[in-house]
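Participant: Prediction below, plus the sequence it came from.
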Amino acid sequence: MSPSPRAWALVQGGYDLHVHVAPDLLPRKTDDLTLARRFRELGLKGFLLKSHFVPTGERAAVVRQAVPGVEVLGGLVLNHAVGGLNPLAVEVAARSGARFIWLPTVDAANEAKEVAGLPPGKRPQWAQLQTVFGEAGLLPPPVGLVDASGKLLPKVRAVLQVVARHGLVLATGHLSREEILRVVEAALEEGVRWVVVTHPDYPTQDLPLSDQRLLADWGAYLERCLVPFLTGKVPWERLFQALRETPPEKNFLSTDLGQPLNPPVEEGLALFADRLLEAGFGEAEVRHWAVTVPALLAEGGVR
């Protein structure tokens, strides 16, 4: 399965705002330097390093210097390894060049509940590492964003205020439907300019289209990741319907690639483009989702 020349032409200049590459705590398909060289060779503009465990802002700066001509971005995921909902960690990440701040992923209360109900063979790659941390007594309880009455915790507001002050992108991570709605509303109240709803179609988010339309109307961007559809976790038809029934200007494509058994990371955007063209979407739509919106999120505000 290789991308077509038509797909490669459409994604020229595109950013992939969701990749998992080495060095990492989990096995990965490739490493950041190799990926940067491949992006440069293929005419792709850049990518965003996502780690569930460590900040990547400083690492991104080193890769940019080592491989000129490719924009490599970093971020921070607010899991336990950085103190969870820790506004100081966000401040430090911002001063270290981070562009994206994700709310909890592998340590999100919503994700922990869902993973606990899966058989071992169906659990995500990172779940085994979480089990090791838990058995060593190192893992605090999962991170929720609301109290028993459904009100956002004060430290969430503190995080949002730092994100807003530095003009960063806030992404919703692996939160529940209720948490996503509350935190996006609060982020806009606190002055966060760039808000991304992370893979709203993924089984642990599973946002109905009515919610997706509402969030887009509020100003949030809807991130459509390749991997859940490529691996069969979510039917392709659900993506096609979502792209047709939510505001097109508020959608964008990323891959979430980097797992050893999945396709090469650098081919992800073009493979995604081919699948959408095959489903009847137009070239202008695909380019908008693969190039225009990701560039706005990557470069807007601070670059």
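Facilitator: Cool, the structure landed.

Participant: Give the other helices and strands that the helix or strand containing residue 155 contacts.
Facilitator: Element membership for residue 155 (DSSP states H and E) is helix 154-166. On a contact count with 3 or more Cβ pairs under 8 Å, 6 or more residues apart in numbering; DSSP states H and E, helix 154-166 meets helix 87-95, helix 177-189. The C-beta positions use only the backbone N, C-alpha and C, and glycine is treated the same way.

Participant: want to throw those into JSON lines with mean neighbour count and mean pLDDT?
Facilitator: Below are the helices and strands packed on helix 154-166 laid out as JSON lines (neighbours: other Cβ atoms under 10 Å; pLDDT from 0 to 100):
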{"stretch": "helix 87-95", "mean neighbour count": "19", "mean pLDDT": "98"}
{"stretch": "helix 177-189", "mean neighbour count": "19", "mean pLDDT": "97"}
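
Participant: Which residue ranges of the protein form strands?
Facilitator: 15-19, 46-49, 71-77, 98-102, 169-171, 194-197, 221-225, 251-254 (DSSP state E).

Participant: partners of the second one in the sheet?
Facilitator: Going back to what we said before, that points to strand 46-49. In the sheet, strand 46-49 lines up against strand 15-19 (parallel), strand 71-77 (parallel) (DSSP bridges).

Participant: which of those sits most buried?
Facilitator: Most buried of these, by mean neighbour count (mean count of other Cβ atoms under 10 Å): strand 15-19, with a mean of 27.

Participant: how far is that strand from where the chain is centred?
Facilitator: 8 Å (Cα atoms, centre = their mean, to the nearest Å).

Participant: Dump that strand to CSV, keeping only the CA atoms.
Facilitator: Coordinates of each C-alpha in strand 15-19 appear next as CSV, following Å, rounded to 0.1, in the frame of the first residue of the first chain:
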residue,chain,number,x,y,z
TYR,A,15,2.2,19.2,8.7
ASP,A,16,1.4,16.0,10.6
LEU,A,17,0.4,17.3,14.1
HIS,A,18,0.3,13.9,15.8
VAL,A,19,3.2,11.5,15.5
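
Participant: With only the CA atoms kept, save stretch 194-206 in PDB.
Facilitator: Only the C-alpha atoms of stretch 194-206 are listed here, as PDB (Å, rounded to 0.1, in the frame of the first residue of the first chain):
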ATOM      1  CA  TRP A 194      -6.500  27.600  19.600                       C
ATOM      2  CA  VAL A 195      -8.500  24.600  20.800                       C
ATOM      3  CA  VAL A 196      -8.300  21.100  19.300                       C
ATOM      4  CA  VAL A 197     -10.700  18.300  20.000                       C
ATOM      5  CA  THR A 198      -8.400  15.200  19.900                       C
ATOM      6  CA  HIS A 199      -9.800  12.300  17.700                       C
ATOM      7  CA  PRO A 200     -13.500  12.900  18.500                       C
ATOM      8  CA  ASP A 201     -14.400   9.600  16.700                       C
ATOM      9  CA  TYR A 202     -12.100   7.400  18.800                       C
ATOM     10  CA  PRO A 203     -14.000   4.900  21.000                       C
ATOM     11  CA  THR A 204     -13.000   6.500  24.300                       C
ATOM     12  CA  GLN A 205     -14.200   9.900  23.100                       C
ATOM     13  CA  ASP A 206     -17.000   8.800  20.800                       C
END
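
Participant: Show the average pLDDT along that stretch.
Facilitator: Average pLDDT, stretch 194-206: 96.

Participant: Report the buried residues of it.
Facilitator: Using 16 or more other Cβ atoms under 10 Å as the test for burial, stretch 194-206 gives 194-202, 204-205.

Participant: circling back to that earlier point, quick one, which of the helices and strands packed on helix 154-166 gets closest to residue 78.
Facilitator: Of all these, it is helix 87-95 that lies closest to residue 78, at 7.1 Å by Cβ to Cβ.

Participant: Go ahead and produce CSV holding the CA coordinates of that closest one.
Facilitator: The C-alpha coordinates for helix 87-95 follow below in CSV (Å, rounded to 0.1, in the frame of the first residue of the first chain):
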residue,chain,number,x,y,z
PRO,A,87,0.3,24.8,35.5
LEU,A,88,4.0,25.1,36.3
ALA,A,89,4.8,22.3,33.9
VAL,A,90,2.8,24.2,31.2
GLU,A,91,4.7,27.4,32.0
VAL,A,92,8.0,25.6,31.7
ALA,A,93,7.0,23.8,28.5
ALA,A,94,5.9,27.2,27.0
ARG,A,95,9.2,28.7,27.8
